[in-house]
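Visitor: here is a sequence with its predicted model. Questions after.
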Amino acid sequence: MKKIMVIDDNMDFANMFTEYMSDADCRVYKCVEFKDEEEIILKIKEILPDIIVLDVNLTKTSGISIINRLKKEPSLSKISIIIATASAYNSVVEGLVKNEKNVLGFYSKLELDVIRNKIINER
C-alpha cells in the first residue's frame with residue numbers, strides 16, 4: 001500500500017483529494033495545519049511517504065522551498081513529488097521544478113484524474 005502525503009493549506013482540497021483516492025490502494029496523510037516549514041519536514045520524516053502531493057503556494061512557506069529542503073536530506077531526497085496548484089499556470093514555477101528528478105509532474109488541482117492516475121501508476 002502506497003503512503004501518500006498531501007501538503008496543502010486548503011483543508012477542502014486535502015479532504016477532497018483524500019476522498020478521491022479512497023478506492024485506490026493507498027493511505028493518504030494530510031498535512032494542512034502547520035506553523036512553519038520545519039514542522040512540515042518533521043511530518044514528512046515521521047510518515048516517510050512514497051509520494052507527496054504538494055501545493056506551490058503555502059501560507060507559511062512555498063512548495064519550491066519544501067522541494068529544496070527534501071533534496072538536501074538523503075533520507076527524503078528520493079520521495080516522489082506531484083505539484084498540485086490552484087494558481088493559474090505559471091511557466092516560471094514549472095520551470096523551477098520540471099528538471100527535478102523526483103518531481104513527477106506539475107498539475108492543476110482540477111486535474112484530479114490525472115494526479116490519481118499518476119499516483120496509481122507510479123512504482
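Guide: On my side now, so go ahead.

Visitor: rest of the way, CA atoms for contacts and neighbours
Guide: OK.

Visitor: and the helices in this structure, which stretches?
Guide: Secondary structure of the chain (DSSP state H): helices at 11-20, 37-47, 63-72, 91-97, 112-121.

Visitor: among those helices, show the one with the smallest mean pLDDT.
Guide: Ranked by mean pLDDT, the helices of the chain bottom out at helix 91-97, with a mean of 66.

Visitor: what about the most far-flung residue of the chain relative to its centre, distance to residue 1?
Guide: Distance to the chain centre peaks in the chain at residue 23, reaching 19.2 Å (criterion: C-alpha atoms, centre = their mean). According to C-alpha to C-alpha, to the nearest Å, residue 23 and residue 1 sit 12 Å apart.

Visitor: over to residue 7?
Guide: Taking C-alpha to C-alpha, one finds residue 7 at 19 Å from residue 1.

Visitor: these two: which is more packed in?
Guide: The residue with more neighbours, out of residue 7 and residue 1, is residue 7; 28 against 8, by other C-alpha atoms under 10 Å.

Visitor: correct me, but the more buried one touches residue 34?
Guide: No - using C-alpha atoms under 8 Å as the test, residue 7 is too far from residue 34 to be in contact (9.7 Å).

Visitor: residue 54: neighbour count?
Guide: Each residue near residue 54 was counted by other C-alpha under 10 Å, and the total is 24.

Visitor: tell me who's in contact with it.
Guide: Residues counted as contacts of residue 54 (C-alpha atoms under 8 Å, 6 or more residues apart in numbering) are 6, 7, 8, 63, 81, 82, 83, 84, 85.
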